[in-house]
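A.B. asks: what follows is a predicted structure for the sequence shown.
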Amino acid sequence: MKKYSNSNFWGLLLAFPFIFFYVLFLLYPTIYTLLFSFTDSPLIGWGKWVGLENYIKLFNDKLFLKSLKNTFVFVFWTVVPNTLIGLMCAMMINRLKNPYIAAFLLACFFIPHILPVTVVTQVWSWMLSKQYGIIQEFLEFLGYAKIAFFKKKQFAMPAVAIVTIWWTVGFNILLFIAGLKSINPEIYEASDLDGANSWAKFRYITWPLIWPITALVLTLQLIFQLKIFDQMYLLTAGGPFNSTLVVLQLVYKQGFQMNRGGYASAIAMVLFLIIIVVSIMQYYVLRDKEKDK
Amino acid sequence: MTKKITISWTVLTILSLIVALIFMFPLYWAAVTSLKQETEVIDPNWSIFPRILSLAAYLDVLTKSAIGTWYINSIATSVGITLLVILISMPCGYALSQIDFVGRKIILLAVVVSIMVPGTALVIALFVLISDFNMINTWSGVILPQVLSPVCVIVYKQFFDQVPKELREASIIDGATEFQILIKVYMPLNWGITTALALVTFIGAWNNFFWPFIMTTKAEMFTVPVAITSVSDAYGIFLARDMAVAILAALPVTAFFLIFQKRVTQAIMLTSGIKG
């Protein structure tokens, strides 16, 4: 890096716009949320300082504990299945010899990912609609009764999870295909000479070599799904009986609908911390993998 | 032996095409529904293809809803976000990559750390901030919470790191300022990456539901993704029309993706941590 006469001036000047927005829309809101969470403020304006009261209340608040549980249940239904389905589809596409068919398939799987979430929820509300949905016709054909997917406790969460996987799996497929392409084909040829079967090739070559990508996809998914709000709010609105109410929706509900800004901020801080902890975990998992290579 | 292998490849290809067709079925079904007449949509004798192709649902949306306004809102906010993200991330990435200035290390650390921060968890504070600025129900209110993209800064830094140092040194000897070097040397050499980042930022901004949902309350300020849920709420159940709105909302991003597929996928991999 060559020292330039006005390097301090130019460095700070060129970085300034970003730093300005950083302070205003990230640093300030973070500090604000933290301080707000120690008060009994409404949404707009400051209330009085109540110390840790919100946090103590929080861990006795059944609805909060439920929303925390629901968020983790949603993570359970999405993160690992989405990663495995992504890997399977990527392996399927990667095996195709015809590059045009492979590109076509990748585009098919990827298109849902670039759609707005509301388009996805509209399309699936229609697919799963109790009265006229085509999935209901399929269920009837199989001999089952119609199901109101988003209104029944046992179906709502898995149904939103399936919609989410359909929406986002293309992203995982894309990352996995990049990973699979980077594996040297000579390794497979050598294992052919040793008479390895397909399972052995997957278990001892593909899986270990693709693991860094798998770790990346898993952790990205985990962070992404912890922040679940959009699809859940649009498809179930947290119901039935709060069985799909997730943490971010509770923040929204407490802050915007019940006008309890301080309490909502305390809930938001818990989510904030969970995601930061997971992100730090991700950093170490991925860094260790870099070292292994 | 060879023949056997060929057959299994064909079977595999056909199987994977079937999987892809099943996967695409919801979109096909939405498109087909939008082209049916409302009476046919709820007819129990459903058909996989419209008996009568009808554009009535589209006409209904285009004439009876404010979709023109929603499109303008979406375009204005998405373009605004994209321009701001590029304009603030590129110079910062350049400074962090090429200039040895006081505070460089701390700023770099702050940028990397902020990748972890979940913006949506700051929703209360950002809403209060935007309402302090009197920007609720304005384009600016939708744009501002979305302009900070630390990932873009890092991607720019990585690409600027790879530009040969000789180019910079030659420009310094010629008496160019850092700003001129960025504009005349580093930016033109990296148009590809600017295009890729702009495309994914635009698609992300167009698709974003959360921020316009929080920052707008008046229907005339909604962006398309927020508005399409209000269509079904406000005017009763008309499924063909709901699907027509969904298709109209999906068209711009789908067209973008199909035209710029390579750039979009490149940018998605870059921004998710794979150097490609």
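C.D. replies: On my side now, so go ahead. Worth saying up front: this structure is predicted, and the values here are computed from it rather than measured. Residues are numbered from 1 along each chain as shown, chains lettered A, B, ... in the order given.

A.B. asks: mind telling me which residue of chain A is nearest chain B?
C.D. replies: residue A:11 (2.5 Å; Cβ to the nearest Cβ). Just so you know, the C-beta spots here come from the backbone N, C-alpha and C atoms, and that holds for glycine as well.

A.B. asks: does the closest residue to that residue other than its chain neighbours belong to a helix, a strand or coil?
C.D. replies: Among residues not flanking residue A:11 along the chain, residue B:101 sits closest, at 2.5 Å (Cβ to Cβ, 6 or more residues apart in numbering or on different chains). Secondary structure, DSSP: H, G, I helix; E, B strand; the rest coil: residue B:101 is coil.

A.B. asks: ok so, going back, any figure for the gap between the residue of chain A closest to chain B and residue B:112?
C.D. replies: As defined by Cβ to Cβ, to the nearest Å, residue A:11 lies at a distance of 17 Å from residue B:112.

A.B. asks: and the pLDDT at the closest residue in space to residue A:149 that isn't next to it in sequence?
C.D. replies: The shortest distance from residue A:149 to any non-neighbouring residue, by Cβ to Cβ, 6+ apart, is to residue A:159 (4.2 Å). pLDDT for residue A:159: 93.

A.B. asks: dihedrals phi and psi, the residue of the stretch 51-200 of chain B at minimum distance from chain A?
C.D. replies: Residue nearest to chain A within the stretch 51-200 of chain B: residue B:101 (2.5 Å; Cβ to the nearest Cβ). Note on residue B:101: backbone dihedrals following degrees, to the nearest 10 are phi -120, psi 160.

A.B. asks: in the stretch 101-250 of chain B, where is pLDDT below threshold?
C.D. replies: By pLDDT under 70, the low-scoring segments of the stretch 101-250 of chain B are B:232-236.

A.B. asks: same thing but at 50, please
C.D. replies: Under the criterion of pLDDT under 50, none of the stretch 101-250 of chain B is flagged as low confidence.

A.B. asks: may I have the strand or helix carrying residue B:213 exported as PDB, CA atoms only?
C.D. replies: Secondary structure from DSSP states H and E places residue B:213 in helix B:210-215. Only the C-alpha atoms of helix B:210-215 are listed here, as PDB (Å, rounded to 0.1, in the frame of the first residue of the first chain):
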ATOM      1  CA  PHE B 210     -40.700  -6.100   5.600                       C
ATOM      2  CA  TRP B 211     -39.600  -2.400   5.300                       C
ATOM      3  CA  PRO B 212     -42.300  -1.100   3.000                       C
ATOM      4  CA  PHE B 213     -44.800  -3.000   5.200                       C
ATOM      5  CA  ILE B 214     -43.500  -1.200   8.300                       C
ATOM      6  CA  MET B 215     -42.900   2.200   6.800                       C
END
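
A.B. asks: contacts for it?
C.D. replies: By Cβ atoms under 8 Å, 6 or more residues apart in numbering or on different chains, the surrounding residues in contact with helix B:210-215 are A:229-230, A:256, B:73, B:77, B:120, B:123, B:126-127, B:130, B:135-137, B:141-142, B:145-146, B:222-223, B:225-226.

A.B. asks: what about the residue of the stretch 51-200 of chain B closest to chain A, how many neighbours?
C.D. replies: Other residues within reach of residue B:101 by the criterion other Cβ atoms under 10 Å in any protein chain shown amount to 21.

A.B. asks: in this structure it contacts residue A:12, no?
C.D. replies: Yes: counting by Cβ atoms under 8 Å, residue B:101 does reach residue A:12; the two are 5.9 Å apart.

A.B. asks: helix or strand for residue B:33, which one?
C.D. replies: Residue B:33 is located in helix B:2-34, with elements delineated by DSSP H and E.
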